[in-house]
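> What follows is a predicted protein model with its sequence.
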Amino acid sequence: MAKKVILNLSTVINGGAGSNALGNHKFLLNNGYDSYLVIKERNNLDHENVIQYPYKRFEKLFSKFKRILLRYLLNKSKFDEKYFFYNKFELFNCYSAKTILKMLPRKPDIIIVYWVSGFVNSKLIYDLANKTNATIYIFLVDNAPLTGGCHYPWDCEGYKNKCQFCPAISNCIIKNLAKSNIKYKQKYKINNAKIITGSTSDFLMVKESALFSSNSCFNLIDYIDDQIYKPAFSKMSIKKYFNIDDKKKIVFFGATFLNERRKGMSELLQALDLIKSRSNILLLIAGSADIGEISLDHKRVGFLSETDLIRAYQAADLFVCPSLEDSGPMMINQSIMCGTPVVAFNMGVSMDLVLTGETGYRAKYADVEDLAKGIDYILSLNQDEYNLMSNKCRILAMNSFSANVYRNNIHAILDDN
């Protein structure tokens, strides 16, 4: 029996969303599928069956002209940055289903759509489905497929109806852009498309959305390689790697996007200020953002390779994720797999993985005092209590999103078509 051909679509292969697409493509390739990943933009890394869409100057000229005109109008408009309204050109696609299909050895049986802003729109997906009769899967790495343009709707519920009064758009010449986009998506919707989410919060949003509430939806927590993301045999030795006193308790977090509201860095800094009387802790800070003066003892380690990222989880006594708006983030999955408890707000995948008293502490949404309480709670555990919590983290991870579990679940989803 021939392997099923899978066409994966993603704008990029780097960053969080691109890495998600690339990681899943590689997983499918290694687990019984003839997988191909077609992308718009490519860095200098070589990966098997990853193909860049060819630049064609004269392809879709009329659509390109309309996009240039729309871009001119939008340059005179303002969008609230917190919503990440990237899908401004949904109405005008400049890429061809025919060109994409020419890149594959034969027609795909399955098409999986990841983060495709600036590349694939609903009309192109519709054309691909009609030309191939492939089963369409939409993999939510954020909420853009559900909305009229934004990737993070926050408390806006426009995606439940027509995105008529979009809070992301202010002083915009095209005031009905979000409404027009979602109407266009409805026109070219694949009625039997299947949605895959990585968290219960996104699953619930799909079921409340105007576009996909009636579609089949699967909640599939993103897998983590349990062979490399695992607890350290000795935290003491890992602390030595970072030149940290082994008597210190380590609070690990990332500070890459200080000015990105959804990352919640302001809330985290306020929470840390509430526990500044603790003298036995050290903040291990990944990323390059300048977060100003911190009264607590700390060590900045900059951008980490995957190997050193794993070491950071292993060295840490807890990982803090202050994100306020996210479909993940993946770092929660990684930390739990390494047996390191997590303190996070009640959003995204923390609703699935951060169980207060079991695998960490899930704080009330955006509640700084409760976040500080959670950090203090984990740091106050005695060694036996901490070891028990660490073991529960690893057990939950192995039972929920290890490679074997993910393999069984993805086979069940993709082979049922």
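Here it is on my side, so go on.

> now what about the helix or strand hosting Ile332, what contacts it?
Taking DSSP states H and E as the criterion, Ile332 maps to helix 330-337. Residues external to helix 330-337 that are found in contact with it (CB atoms under 8 Å, 6 or more residues apart in numbering): 16, 20, 221-222, 224, 226, 229-230, 252, 254, 309-310, 313, 316, 319, 321, 341-342, 344, 348-350, 353-354, 359-360, 393-394, 396-398, 401-402. The C-beta positions use only the backbone N, C-alpha and C, and glycine is treated the same way.

> these two touch, right, Asn399 and Tyr406?
No. In this structure, Asn399 is not within contact of Tyr406 by CB atoms under 8 Å, at 11.5 Å.

> Please identify which of these two sits among more neighbours.
Between Asn399 and Tyr406, counted using other CB atoms under 10 Å, Tyr406 has the larger neighbour count: 21 against 9.

> Let me know the helix or strand that the more buried one is in.
Since the elements are taken from DSSP H and E, Tyr406 ends up inside helix 403-414.

> for Glu385, same thing?
helix 383-400.

> Keeping just the C-alphas, turn that helix into PDB.
Output in PDB follows, covering the C-alpha atoms of helix 383-400 (Å, rounded to 0.1, in the frame of the first residue of the first chain):
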ATOM      1  CA  GLN A 383      12.300  18.300  48.700                       C
ATOM      2  CA  ASP A 384       9.900  15.300  48.900                       C
ATOM      3  CA  GLU A 385       6.900  17.500  47.900                       C
ATOM      4  CA  TYR A 386       8.900  19.000  45.000                       C
ATOM      5  CA  ASN A 387      10.100  15.600  43.800                       C
ATOM      6  CA  LEU A 388       6.600  14.300  43.800                       C
ATOM      7  CA  MET A 389       5.400  17.300  41.700                       C
ATOM      8  CA  SER A 390       8.300  16.900  39.300                       C
ATOM      9  CA  ASN A 391       7.500  13.300  38.800                       C
ATOM     10  CA  LYS A 392       3.800  14.200  38.100                       C
ATOM     11  CA  CYS A 393       5.000  16.700  35.500                       C
ATOM     12  CA  ARG A 394       6.900  14.000  33.600                       C
ATOM     13  CA  ILE A 395       4.100  11.400  33.900                       C
ATOM     14  CA  LEU A 396       1.500  13.900  32.600                       C
ATOM     15  CA  ALA A 397       3.800  14.700  29.700                       C
ATOM     16  CA  MET A 398       4.500  11.100  28.800                       C
ATOM     17  CA  ASN A 399       0.800  10.200  28.900                       C
ATOM     18  CA  SER A 400      -0.400  13.300  27.000                       C
END
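
> residues of it that come out buried?
For helix 383-400, the neighbour count (16 or more other CB atoms under 10 Å) marks Tyr386, Met389, Ser390, Lys392, Cys393, Arg394, Leu396, Ala397, Met398, Ser400 as buried.

> and which of the residues you listed is nearest Val120?
In terms of CB to CB, no member of the buried residues of helix 383-400 lies closer to Val120 than Ser400, at 30.0 Å.

> tell me the secondary structure for the nearest residue to that closest one once chain neighbours are set aside?
The shortest distance from Ser400 to any non-neighbouring residue, by CB to CB, 6 or more residues apart in numbering, is to Ile221 (5.6 Å). Following DSSP: H, G, I helix; E, B strand; the rest coil, the label given to Ile221 is coil.

> quick one: Ile221 from Ile250, how far?
Going from Ile221 to Ile250 by CB to CB, to the nearest Å gives 26 Å.

> Could you check which of those two is surrounded by more residues?
Taking neighbours as other CB under 10 Å, Ile221 and Ile250 compare with Ile250 leading, 25 against 22.
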